[in-house]
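Colleague: Structure of the sequence below:
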Amino acid sequence: MKLTYVIKFVGAMDRAVAFHRDTLGLPLKFASPHWSEFATGETTLALHPASEKNPPGTVELGFGVPDLHTFFEEMSAKGVVFSMPPTKQDFGGMLAQLVDSEGGHISVSTA
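Modeller: This is a model prediction of the structure:
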């Protein structure tokens, strides 16, 4: 299991991109109204619009695993609660979301 990205939920994408790029000096990979990414080494920092479920300033971790279905089965057997089972996404990949010990969501995809 490897930390592959961190999603920060933001209230204003343009303002957040400018802050991370211009003020912090992070290299921008790409920006869009719905998803922006910065090159930050092995782990990508992604910005996503905030919502009622994910207010501005909240963060979600994203891990990569070799086999998402095996991971899902093993974690489910350990009693881990998934808010979303492995599901094909619009971007073409598979993604699952589990609920951590503090009630936060963690995304898991195939590495």
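Colleague: longest strand of the chain?
Modeller: strand 2-10 (DSSP state E).
Colleague: which parts of the helix or strand following it are buried?
Modeller: Heading C-terminal from strand 2-10, the first helix or strand you meet, by DSSP states H and E, is helix 13-18. Within helix 13-18, the residues that count as buried by 16 or more other Cβ atoms under 10 Å are 13, 16, 17. Backbone N, C-alpha and C define where each C-beta goes, glycine included.
Colleague: Check stretch 75-93 too.
Modeller: Quick answer for stretch 75-93 (16+ other Cβ under 10 Å): 75, 82, 86.
Colleague: same check, this time on stretch 61-74
Modeller: So, applying 16+ other Cβ under 10 Å, buried residues of stretch 61-74: 61, 62, 63, 64, 65, 68, 71, 72.
Colleague: what about the closest residue to residue 4 other than its chain neighbours, distance to residue 79?
Modeller: Nearest residue to residue 4, sequence neighbours excluded (Cβ to Cβ, 6 or more residues apart in numbering): residue 64, at 4.2 Å. Residue 64 is 22 Å from residue 79, where distance means Cβ to Cβ, to the nearest Å.
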